[in-house]
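Engineer: one predicted model, sequence on top.
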Amino acid sequence: MKDRMKKYSSWSLLLAGFLCILGLSLAAHPVPVRASSMADQYVWDTAGIMSGSEVAELEARAKEIADTYQCATYIVTVEDFQDYDLSGVYNAATSIYKTMGFGYGSGKDGEMLMLSMRDRDFAIIAYGDYGNACFTDYGKEKLDEVYLDNFRNNDWFGGFSDYLTQSEKYLRMASEGTFFDVDTDPEKIAADRMLIFVGVLAISAVISLIVCIILYRKMRLVENGNADYYAVEGSFRLNGRNERFLHRTTTRTKIERKQRSGGGGGTSVGSGGFSGHSGKF
Amino acid sequence: MATQVTNYQCPTCTGPLHFDSESGRLVCDYCGSSFTPEEIEKYYSKKDEKAAEAFQKEEAKADQEKPEEEPVPEDPVVLGDTGEQADPWDASDISSDWGAESEGMRAYSCPSCGAELLCDETTAATSCPYCGNPTIIPGQFAGTLKPDYIIPFKYDQKQAESTLKNFYRGKFLLPGAFTKESHIREIKGIYVPFWLFDGSAAGEATFRATRVRSYRRGDYEITETDHFQVYRSGSLDFEKLPADGATKMPDGHMDAIEPFNYQEMKPFSTAYLPGYLADKYDVTAKENIPRIERRVKKTALAKMEQTVNGFASCTYERDNLRIHQGKVSYALLPVWMLTTRWGGKNYLFAMNGQTGKIVGDLPVSMAKLVGLFFGLTAVLTTVLSFFMM
C-alpha cells in the first residue's frame, strides 16, 4: 500500500514537473514551434542532480538533435526506479517512455537514458523502427563507454553531454545512410585495420627474416656433421624395438563463445518494441 | 741434413713432368710427351735399381782406394787471395741451431738445380722455388707411411679459379666490390692426407615420444597427451668415412667438401703427385676416432629415430652406441685451397679437386642485409595488406 502510494506520488511529481516546465516554456515562447506534448521535453531531471542552466543547455541540444534528425534523445533522472516499476530499472524506463508518450513523430522513434540515483542504476532504451535502427545493441554498448566513466565520478552534466554527442553521431550517420553498428563503427574499423596491419607487418617481418637467414647461411661454410653418405646401403639393422607408455597429461581449454557485440550486429527488439539494457554506474 | 728427393723427368727430353688432371697423364712441360703414371713408375723403378747398383759399385771401389784421413786443423776464415791472414769474422752471434723454428723443418736438395729446399717435416711433394720443377720426397711415403689410395685431381688451377668466381655469383649479400676488388692471393693444389674408416655402430637408444588426442566435451576442448619411452636397438655399417690427417687443413672445410667419389680412387703412386703439393699425415688415425664417432653416432641415431613412427613428437633421450672399429685406410685426396684478400681480411676457400665442390665463408654486406629485410618487409606488407584489408 505504501509502495503504491509512493509510486502514485512519483508519477504526480513527474507530471507536475512537466506542467511547470510547460508553463515556463509557454511564458517564454507564447507561440510554440511544435506540438506541446510531453514528448517535446527531452530532459527530465526529477532527481534534481543538475543545475537549471545545465538542464537548459542539455534540453536545447537534445531539441536541436530531435529537430535535425527526426529522432528524440531523452534524459531522465529519478530518485528510485521502483517508484515507477518494481520489476527493474529497464522496465521502469520503458514504462516511463510509454506513459509519457515519448518519441518523435508517429513512429515514436527515440532513445532514452535514465539514471536511478538510489542504487546507482541506469537503463538505456530505444524505441520505434527508426529509433531501434539508429541505436543498435552495439551502439548502445558503445554509449555506455562514453557516459559511465562520468557518472561513476558523479559528473552528471558531463556524462549526459557525452551521451548527446555520441547519440548525435549515430543519428548523423543514419541520416547519411549508415547505421552505427559493429560493422560500421569508424573507430572499430580503424582499430581492426590497424590490428590487421600490425599482423601483416609481423608476418612480413618473419618471412623477411627467414629469407635473410637463408641467404646469410648461403654465405657461410656449412659443416658436414653426419656420415650418411658413407653408411653402407641396406646395412642398417633394427634388432629391437619397444614402446612403453609412461603417463597421460590432460589439458582442458574453455571454448569461448562469440560475444554478441562481436557478432553480426543489429538490434534485439523485445516484444514491447523496445531495445536496450540496464546496469550500474 | 739434405735428403734424397725425386724429380720426375721426361724419359724423352729430361724436362720436368707434371700430372695433368684433365688427361690423367704425366705431361712434359718442354717436349709435350705424355705418359701414364704406371709407365713413369715402371721407368723410375728400373732407373732407381740401376742407380742403386752403380752407387753400391762406386762405394765399394772408393772404400778400397780411400787413404787414411788426417785430422785437419780448423782455420780461421781467409779473405780474398792476399795471403794475409785477415782478422777473423766475428761469427759468435750466428747460431748454427735454428732453435725451436727448426723443429718440424726439413732440408732437401733439388735434383734439377741443386738448391736447398726447406720444407715442413710433413711435406711430401712440392716445387722448387728456384727452378720451379715439381719435386717428390718419396721417403715421406715409404714403408708404413705409404698411402693405400689416391684420388687424382680432376680440376686444374684454371678451373679452380673459375669455380671460385662462379661461387660468388648469385650471392645477393656479397658486397658489390668484393668480386671486383678481391684477388686470389694464393692457390694451392694439395693432396691432403685422409684416414678412411670402415666399421659399424651398434647399440641402443631411447627417445621420448608423444601421442596427442583432442576432443570436445561440453564447453571444453580436451587434449590428452600420452607420453611414451621408445626404445630402439640396431646397427649400421659404414665404409671409408674420411677424416683428414693434416693439422694445417681446417676440419670444417675438409668435412664440408665431401663427398669424394671412391669409384675413381686408385692405388697410391707418387706419379700422380708432380705439379701439386702433398703432405704426409700429422694427425694419427687414433686421434681422429672421436671425430669419426661423433659423425657415425649422429647418423645411426637419425636412422633409429626414423623408425619411431605414429607419434606426434619424438625427442632424443639417451643412447648407448658403441663404435666397432674396422679397417683404416690411408689416402691422399685432392683439394684446392684458395685464399683471397679483401678489406684487410683473408678469406679461405677449399675446393674438392675431384668434384669441384667449393666451400668457405664469404663476407656479408650489412647494408644489403638490412636493406633486404626492410625492403622485403615493406613489399610483403603492401601485397598482403592489399589482399587482407
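Structural biologist: Good, I have the coordinates. Numbering: from 1, shown residues only, chains lettered A, B, ... in the order given.

Engineer: is the residue lying closest to B:Tyr215 once chain neighbours are set aside within a helix or a strand, and which one?
Structural biologist: Distances taken as C-beta to C-beta, 6 or more residues apart in numbering or on different chains put B:Ile222 closest to B:Tyr215, at 5.5 Å, once the chain neighbours are dropped. For every residue, glycine as well, the C-beta is placed using N, CA and C. In the assignment (DSSP states H and E), B:Ile222 maps to strand B:220-244.

Engineer: pass me the low-pLDDT residue ranges in the stretch 1-150 of chain A, would you?
Structural biologist: A:1-37 (pLDDT under 70).

Engineer: relative to chain B, which residue of it is the closest?
Structural biologist: A:Tyr138 (21.3 Å; C-beta to the nearest C-beta).

Engineer: how close does that residue sit to A:Ser87?
Structural biologist: 26 Å (C-beta to C-beta, to the nearest Å).

Engineer: out of those two, which sits in the busier spot?
Structural biologist: A:Tyr138 (24 against 10; other C-beta atoms under 10 Å in any protein chain shown).

Engineer: am I right that the more buried one sits in a helix?
Structural biologist: Yes: assessed by DSSP: H, G, I helix; E, B strand; the rest coil, A:Tyr138 belongs to a helix.

Engineer: quick one: contacts for the residue of the stretch 1-150 of chain A closest to chain B?
Structural biologist: Counting by C-beta atoms under 8 Å, 6 or more residues apart in numbering or on different chains, A:Tyr138 makes contact with A:Phe180, A:Asp181, A:Val182, A:Asp185, A:Ser261, A:Gly265.

Engineer: intersect the residues you listed with the contacts of chain B.
Structural biologist: Checking those against chain B by C-beta under 8 Å from any C-beta of the partner chain, not one of them is in range.

Engineer: hey, where'd the helices end up in the stretch 151-281 of chain A?
Structural biologist: Taking DSSP state H, counting those that start in this stretch, the helices of the stretch 151-281 of chain A run over residues A:156-175, A:186-218.

Engineer: helix/strand/coil for the residue positioned nearest the centre of chain A?
Structural biologist: Central residue of chain A (C-alpha atoms, centre = their mean): A:Glu141, 1.2 Å from the mean position. At A:Glu141 the chain is in helix, as set by three-state DSSP.

Engineer: what sits closest to the residue in the stretch 251-389 of chain B that chain A sits nearest to if chain neighbours are left out?
Structural biologist: Closest residue of the stretch 251-389 of chain B to chain A, C-beta to the nearest C-beta: B:Leu380 (3.6 Å). Nearest residue to B:Leu380 in three dimensions, chain neighbours excluded: A:Ser204, at 3.6 Å (C-beta to C-beta, 6+ apart).

Engineer: try B:Tyr316
Structural biologist: Counting by C-beta to C-beta, 6+ apart, B:Tyr316 lies nearest to B:Phe207, which is 5.7 Å off, once chain neighbours are set aside.

Engineer: what secondary structure does that neighbour sit in?
Structural biologist: On the basis of three-state DSSP, B:Phe207 is classed as strand.

Engineer: thinking again about what came up before, the host helix or strand of the residue of the stretch 251-389 of chain B closest to chain A to helix A:186-218, inter-axis angle?
Structural biologist: Using DSSP H and E, B:Leu380 maps to helix B:366-388. Here the directions of helix B:366-388 and helix A:186-218 differ by 140 degrees (axes from the mean of the first three to the mean of the last three C-alpha atoms, to 10 degrees).

Engineer: which elements pack onto helix B:366-388?
Structural biologist: When contacts are defined as 3 or more C-beta pairs under 8 Å, 6 or more residues apart in numbering or on different chains; DSSP states H and E, helix B:366-388 packs onto helix A:186-218.

Engineer: what's the closest of the contacts of A:Tyr138 to chain B?
Structural biologist: A:Asp185 (16.4 Å).

Engineer: okay, the closest one: pLDDT?
Structural biologist: Confidence at A:Asp185, expressed as pLDDT, is 92.

Engineer: what does B:Asp63 give?
Structural biologist: 68.

Engineer: one more: B:Thr299?
Structural biologist: The model reports B:Thr299 with a pLDDT of 92.

Engineer: quick check: angle from the strand or helix carrying it to strand B:220-244?
Structural biologist: Assessed by DSSP H and E, B:Thr299 sits inside helix B:285-306. Going by the same axes, to 10 degrees, helix B:285-306 is angled at 150 degrees with respect to strand B:220-244.

Engineer: mind listing what's buried along helix B:285-306?
Structural biologist: Neighbour-count burial for helix B:285-306, counted by 16 or more other C-beta atoms under 10 Å in any protein chain shown, picks out B:285, B:288-289, B:291-293, B:295-297, B:299-301, B:303-305.

Engineer: between all of those residues, which two are separated the most?
Structural biologist: B:Ala285 and B:Glu305 (29.2 Å; C-beta to C-beta).

Engineer: show me what contacts the closest residue to B:Leu384 other than its chain neighbours?
Structural biologist: Once flanking residues are discounted, B:Leu384 sits nearest to A:Val200: 4.5 Å by C-beta to C-beta, 6+ apart. Neighbouring residues of A:Val200 by C-beta under 8 Å, 6+ apart: B:Leu380, B:Thr381, B:Leu384, B:Ser385, B:Met388, B:Met389.

Engineer: you'd agree the fifth one is up against A:Val198?
Structural biologist: Going back to what we said before, that points to B:Met388. No: between B:Met388 and A:Val198 there is no contact under C-beta atoms under 8 Å: 11.7 Å.

Engineer: sweet, I'm off.
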